[in-house]
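# sequence and predicted model, in that order:
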Amino acid sequence: MRMVSIYILEILATYSSSDHRLYQKEIQGYLLDIYGIKVVRRTLQVYIKELKNEGYIDGHKGVYLIENKFKESVYR
């Protein structure tokens, strides 16, 4: 998994929930503010799609972290 994917998961763990989903624009802002990484929308879309396919995140209009999957993988 790429570092940007890990950063996205950390951002979602901190700032999102199933009731408060984050949009791509917000995730881009957090990546820039916290990690100093500028990611264009299409690239971010690829990362989000990969994380969805692997079952780490969910959501259609805005995304949020599926917490159990991320926590289990961190401790392995």
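Received, thanks.
# drop to CA atoms for contacts and neighbour counts, all remaining ones
Noted.
# show me where the protein has its strands.
For the chain, the strands defined by DSSP state E occupy 57-58, 64-65.
# want to throw these into TSV with mean pLDDT?
TSV is the format used below for the strands of the chain (pLDDT from 0 to 100):
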stretch	mean pLDDT
strand 57-58	94
strand 64-65	94
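# for Glu50, which of those is the nearest?
Nearest of these to Glu50, taken as CA to CA: strand 57-58 at 9.3 Å.
# how about residues contacting the closest one?
Outside strand 57-58, the residues that touch it by CA atoms under 8 Å, 6 or more residues apart in numbering are 48, 51-52, 63-66.
# which residues touch the spatially most central residue of the chain?
The residue lying closest to the centre of the chain (CA atoms, centre = their mean) is Ile8, at 3.3 Å. Residues in contact with Ile8, defined by CA under 8 Å, 6+ apart, are 27, 31.
# would you point out the helix or strand in this protein whose mean pLDDT is lowest?
helix 67-74 (a mean of 57; mean pLDDT, DSSP states H and E).
# related to what we said a few turns ago, nearest to Ser18, of the strands of the chain?
Once CA to CA is applied to the strands of the chain, the stretch that comes out nearest is strand 64-65, at 5.8 Å.
# all helices for this structure, in order.
3-15, 24-30, 41-53, 67-74 (DSSP state H).
# returning to that earlier point: tell me which of the contacts of strand 57-58 has the lowest pLDDT.
The member of the contacts of strand 57-58 with the lowest pLDDT is Ile66, at 90.
# identify the residues contacting that one.
Contacts of Ile66 (CA under 8 Å, 6+ apart): 55-58.
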